[in-house]
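Visitor: the amino acid sequence is not available; the structure is as follows:
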């Protein structure tokens with residue numbers, strides 16, 4: 001995405017901000033370094049397997065698990081746009 005935007009002359013983060021997910025290896029080596037959300041993928045996988053192996057006890061409400069995430073702010077995001085040129089509603 002960053003490379004394609006650069007080839008098109010779109011400034012990141014000047015014109016558009018880009019954010020990734022999972023903080024994949026190399027996100028901090030991009031140009032500009034990619035802002036990303038990091039989640040405990042291994043922990044989520046283990047928890048899912050545990051829940052599947054536990055089976056369904058017929059409970060009306062499925063178990064809900066909230067895992068911690070972290071936002072790694074890097075140089076691919078900037079302040080929100082306002083004023084002339086702002087496109088509202090995704091049009």
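Guide: Thanks, I have it. Just so you know, these numbers come straight off a predicted model, no measurement behind them. Numbers count the residues shown, from 1 in each chain.
Visitor: mind listing the strands for this protein?
Guide: 19-21, 35-38, 70-72 (DSSP state E).
Visitor: tell me which of the ones you listed sits most buried.
Guide: Of all those, strand 35-38 carries the top mean neighbour count, a mean of 18, counting by mean count of other Cβ atoms under 10 Å. C-beta here means a position set from N, CA and C on the backbone, and glycine is covered the same way.
Visitor: partner strands of that one and their direction?
Guide: Strand 35-38 has its sheet partners listed here by DSSP bridges as strand 19-21 (parallel), strand 70-72 (antiparallel).
Visitor: tell me which residues are up against the longest helix along the chain.
Guide: In terms of residue count, the longest helix belonging to the chain (DSSP state H) is helix 41-54. Identification of contacts with helix 41-54 by Cβ atoms under 8 Å, 6 or more residues apart in numbering yields 22, 63, 65, 67.
Visitor: from the residues you listed, which land in helices?
Guide: Short answer: those have none in helices (DSSP H).
Visitor: pick out the most distant pair among those.
Guide: 22 and 63 (23.3 Å; Cβ to Cβ).
Visitor: who has more neighbours out of those two?
Guide: Remark: of residue 22 and residue 63, residue 22 carries more neighbours, 12 against 9, as counted by other Cβ atoms under 10 Å.
Visitor: in the chain, which helix or strand is least confident?
Guide: In the chain, the helix or strand scored least confidently by mean pLDDT, DSSP states H and E is helix 41-54, which has a mean of 88.
Visitor: buried ones in that one?
Guide: For helix 41-54, the neighbour count (16 or more other Cβ atoms under 10 Å) marks no residue as buried.
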